[in-house]
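Novice: Sharing a sequence plus its predicted fold:
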Amino acid sequence: MKTYYLALMLCLILVRGYSQKLEMEKASPFTAVKWEKNTPIVLFENHWYTLEKLDTYTTEELLAFCRKEYGSKWKKRFSEDLVEILTELGTPPEKKVLLILSDSTKTIKVTGTYNFENRQKVLKYNNQHPSKQKAITHITAVQALEDINEFEEILTTKSSYIHLSTFDYTSAINNLKHKISSKKEKIDVNFLTHELAKIMASIGDRHASVKNEFLDKKKIPTYSLQLPYTLAPLHDSIIVLKKTNSEYEYLSNNFPYLKSINNIPVHNLIDSMSYKAKLAPKEAKFRRGVTELQNLGELYFKNNIALPKKIKVVFTNGKTDSLAIVELNNKQYNYTSKQQLAMYDLSKEIENSNFTNMSKIIDNQIGYLTIPKMYHSSDNKELEKFIDDTFINFKNTKALIIDIRFNPGGGRELINNIGNYIIPKTESPWVANIAYLRTDEEKDFYKSMSYRYLNMYGSETITELDRNAIDTFLSKYRFQRNFDITKFSKPHYMILKSGNTNYTKPVYILVNERSFSAATVFTSAFKELPNVTIVGVTTDGSSGNSKKIYLKNSNIRVKVSTMLSFQRNGLTLDGNGTQPDIYIPEDEAQVLHGNDTQLNKLVEYIHAH
């Protein structure tokens, strides 16, 4: 199949003429698409036609690609996202497109035009006539084995992290095949999803996942069952809480800690069952594990284990224990800190272009900038100007705190924007990040990497001054582990530069174990700068350039990272995160009462220095 697509792409490149490029990302030559069985019927100039060919693609070729790449959503993606589909195939469309259409009386060859208005009409039609796709709940053992083979091929040909991992995924897959082969009954798609997810999690790819998008949680009676109290991490322990108004207090002051569930120590439960975060940094793994223990019904379901009717829970104070037999219920008890709620509220304000609460000056001396998400410039055009104005307002402060706790990631534009202010001119250009794309194609440009501000040494965007900085940096650079570079692109570099106006005072980046993806790239990009100090807890590092593929028979969605992303210290972001220079974890007052002691202690440190 791979050879076929390469050949097809080459033919298209040879036959396509030169014309004006299409600049829109969302456009269509049709105003509606309906389906007769699995054949697309398109509305063109107010007449319904069967689509026979689009440019040099037959309809069958396009649909085969959509089924493979988009699984259960293939019809929706075909109708709404033609530009993206053709771009993925390596042939971004021109504004004009040759169409071959047919109805019951004739076949015609016409020229269509991609435009945004057409695509919006397609979207409106789809919303009024939703496609009904039946969920696949069970498949035969033969079909399951075919999907497992496809899963293995995805790992072998697309995964970046198998080239760093010591996990023997081949043996794990063979063991799963043996388990499937011995079954006489049909295979539950949820069972297969979870078994594949366990294998994926053991590779160490923090952006990867395996998911059944058709899962109806309401049909799983035990799925939403929770322990009847709130669990929260405190240092290396799990504390048991109850909520009082907007704060928390211990369920029992005499026995504040959770020791075991059904005779299994809680740390062992997290290690054995909370597999999604199996190879996350220590603090992130523990926090995520505590949340999964709270949602015990979901945790057992994802491990393909029947949930016991009685739950034996042991509480402890470290010296003596207390036993309780509890019933799970559907009430939500999940722990949420005041800081996390504040970040969520702020993100909603920013979405409405209200930036007021993003920045303030503490004690008339310390600038404070909060970033709840790594926003793309396209999300809000006014944000970049606000950042510029903020640094002007902070010019007379004695220090700056950039708070990205609970930041789930997003784009990298803010790294570049803020870097203009905080990178000293003596350190510019600054090599912030090195990455490799998993690919068997040797190209001079990869759009998905450029989108992340990553460019190759010979790129037109890299200057001679940049190359000198790269050469100097690489002379002392060592990777944490060697890998087969022949399976990857040439290295890509994120180069940050000092702008015309510098913030010359100390900068502190406040992070925690919930700072993820582009937020941890932000952290690692500025670590080691002489004026920057990382404060808080090791981030939940990850940077993957992930790709989604749907398995043929089960429609299980497999998401896998196609990029290896390295920090300046030679460690990958995945599995390592970025360690703080000053370690300030949450304390009891912060967890229970919402006092922001992490921020307060940092402010005290700044005043003392």
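Specialist: That came in fine, so what should we check first?

Novice: What are the buried residues along the longest helix anywhere in the chain?
Specialist: Identified as the longest helix of the chain according to DSSP state H is helix 141-158. Within helix 141-158, the residues that count as buried by 16 or more other C-beta atoms under 10 Å are 141, 143-148, 150-152, 154-155, 158. Quick note: C-beta positions are derived from backbone N, CA and C, even for glycine.

Novice: which helices and strands sit right next to that helix?
Specialist: helix 169-181, strand 187-188, helix 189-201, strand 546-550, strand 557-561 (3 or more C-beta pairs under 8 Å, 6 or more residues apart in numbering; DSSP states H and E).

Novice: Kindly recompute the last result at 6 Å.
Specialist: The helices and strands touching helix 141-158, judged by 3 or more C-beta pairs under 6 Å, 6 or more residues apart in numbering; DSSP states H and E, are helix 169-181, strand 557-561.

Novice: so can I have JSON lines of those showing mean neighbour count?
Specialist: Shown next, in JSON lines, are the helices and strands packed on helix 141-158 (neighbours: other C-beta atoms under 10 Å):
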{"stretch": "helix 169-181", "mean neighbour count": "15"}
{"stretch": "strand 557-561", "mean neighbour count": "23"}
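
Novice: Residue 215 is in contact with residue 135, correct?
Specialist: No: using C-beta atoms under 6 Å as the test, residue 135 is too far from residue 215 to be in contact (8.3 Å).

Novice: Comparing these two, which residue is more hemmed in?
Specialist: Remark: of residue 135 and residue 215, residue 215 carries more neighbours, 16 against 13, as counted by other C-beta atoms under 10 Å.

Novice: Could you measure from that one over to residue 189?
Specialist: Residue 215 is 9 Å from residue 189, where distance means C-beta to C-beta, to the nearest Å.

Novice: Output the helices and strands packed on helix 141-158 as JSON lines; include the columns mean pLDDT and distance to residue 495.
Specialist: Rendered in JSON lines, the data for the helices and strands packed on helix 141-158 read as follows (pLDDT from 0 to 100; distance: least, C-beta to C-beta, whole Å):
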{"stretch": "helix 169-181", "mean pLDDT": "96", "distance to residue 495": "34"}
{"stretch": "strand 557-561", "mean pLDDT": "94", "distance to residue 495": "22"}
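
Novice: Adding distance to residue 534, write these out as a markdown table.
Specialist: Below are those laid out as a markdown table (distance: least, C-beta to C-beta, whole Å):
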| stretch | distance to residue 534 |
| --- | --- |
| helix 169-181 | 33 |
| strand 557-561 | 24 |
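
Novice: can I see the domain layout of the chain?
Specialist: Listed by automatic domain parsing, the domain ranges of the chain are 2-128, 338-608.

Novice: what residues does stretch 141-155 touch?
Specialist: Contact with stretch 141-155 is made by 162, 173, 177, 180, 183, 187, 192, 196, 549, 551, 553-554, 558, 560, as judged by C-beta atoms under 6 Å, 6 or more residues apart in numbering.

Novice: just curious, which of those is nearest to residue 291?
Specialist: residue 196 (22.2 Å; C-beta to C-beta).

Novice: Show the pLDDT at the closest one.
Specialist: Note on residue 196: pLDDT of 98.

Novice: before we move on, what about residue 81?
Specialist: 91.

Novice: How much space separates the residue lying closest to it once chain neighbours are set aside from residue 186?
Specialist: Leaving out its chain neighbours, the residue that sits closest to residue 81 by C-beta to C-beta, 6 or more residues apart in numbering is residue 26, at 7.5 Å. Distance, residue 26 to residue 186, using C-beta to C-beta: 40 Å.

Novice: more neighbours, those two?
Specialist: For residue 26 versus residue 186, the count of surrounding residues by other C-beta under 10 Å is larger for residue 26: 17 against 13.

Novice: Hmm, that one is touching residue 119, no?
Specialist: Yes: between residue 26 and residue 119 there is a contact under C-beta under 6 Å: 5.1 Å.

Novice: does the residue nearest the centre of the chain count as helix, strand or coil?
Specialist: Taking C-alpha atoms, centre = their mean, the centroid of the chain lies closest to residue 207, which sits 5.1 Å from it. At residue 207 the chain is in coil, as set by DSSP: H, G, I helix; E, B strand; the rest coil.

Novice: Tell me the spatial nearest neighbour of it, not counting adjacent residues.
Specialist: Using C-beta to C-beta, 6+ apart, the nearest residue to residue 207 is residue 544, at 3.1 Å.

Novice: need the contact list for the one you found.
Specialist: With C-beta under 6 Å, 6+ apart, residue 544 has these contacts: 207, 561, 563.

Novice: try residue 576
Specialist: residue 541.
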